[in-house]
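[1] The following block contains a protein sequence and its predicted model.
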Amino acid sequence: MEIIFQDIYKKIIGKLEHELPEELAYHNAHHTKYVVEKAILLAGYENITGKELKLITIAALYHDTGFLIDHKEHENLGCQIAFRDLQGLLNADELENICGMITATKIPQKPRNIHEKIVADSDLFYLGTTDYKKFSKKLYLELKHFDPSINEEKWLKIQVNFLSSHNYHTKYGKEVLEPVKRNNLNALLLAG
């Protein structure tokens, strides 16, 4: 499984680096690498290892591949890409598990098991970090491309609403990321 993951990683990161539209300032290969890294971190805190960890990292790797086709419904498209790429390498249950983790990143997030919770929290890990502003700015530039009516004031409201309604799902997310996310939200409220 290790050799397979490294091969899959190189292939997917390569595709994201070379085939994603440039206007995707946030949903790009860098974001995917970050999510894979954070999924491994969160899985470690949940004592998940072995094959389960590999499935989580594969799901994290594929979670935004749907952007290669379209930004709308990219989670479902990512599932289709994963099924196509991984059929024959993984069994049907493993593929379903991966698809569940990919779709758990859809907003509003509704993860149903620990694997889905890990990938969902990894995808929005940045909300609870001191790097929040850096990531938020990239997302703003990306969304502004698709909707030029979004200005700084509108973006501030979107972010306040999003951070207010978002919840982390893992123990690490609740204990470590949530307090920092609250600080980020308070900073937004003061800016408004």
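    Alright, I've got the coordinates.
[2] give me the low-pLDDT residue ranges for this structure?
    Applying pLDDT under 70 to the chain picks out residues 1-3.
[3] tell me the contacts of the residue most central in space within the chain?
    Centroid-nearest residue in the chain, with CA atoms, centre = their mean: residue 123, separated by 2.5 Å. For residue 123, the contact set (CB atoms under 8 Å, 6 or more residues apart in numbering) comprises 35, 60, 63, 105, 109. C-beta coordinates here come from the backbone N, C-alpha and C atoms, glycine included.
[4] Take those residues and keep only those in helices.
    35, 60 (DSSP state H).
[5] out of the contacts of residue 123, who's nearest residue 192?
    Minimum distance to residue 192 across the contacts of residue 123 is 24.5 Å, recorded for residue 109 (CB to CB).
[6] Might one say that the closest one is in contact with residue 120?
    Yes. Look at residue 109 against residue 120 with CB atoms under 8 Å: they come within range, at 4.5 Å.
[7] Need the overlap of contacts for those two.
    residue 169.
[8] out of these two, which sits in the more crowded spot?
    Using other CB atoms under 10 Å as the criterion, residue 109 and residue 120 rank with residue 120 on top: 27 against 19.
[9] That one and residue 172, how far apart?
    From residue 120 across to residue 172, the span is 12 Å (CB to CB, to the nearest Å).
[10] swap in residue 64?
    22 Å.
[11] One more: residue 77?
    29 Å.
[12] Would you map the strands across this protein?
    Counting by DSSP state E, the chain has no strands at all.
[13] residue ranges for the helices of it, please.
    Using DSSP H, helices in the chain cover 2-19, 29-45, 50-62, 74-86, 92-103, 114-123, 132-146, 152-165, 171-172, 178-191.
[14] Residue 68 is nearest to which of the ones you listed?
    When the helices of the chain are compared by CB to CB, helix 2-19 sits nearest residue 68, at 5.6 Å.
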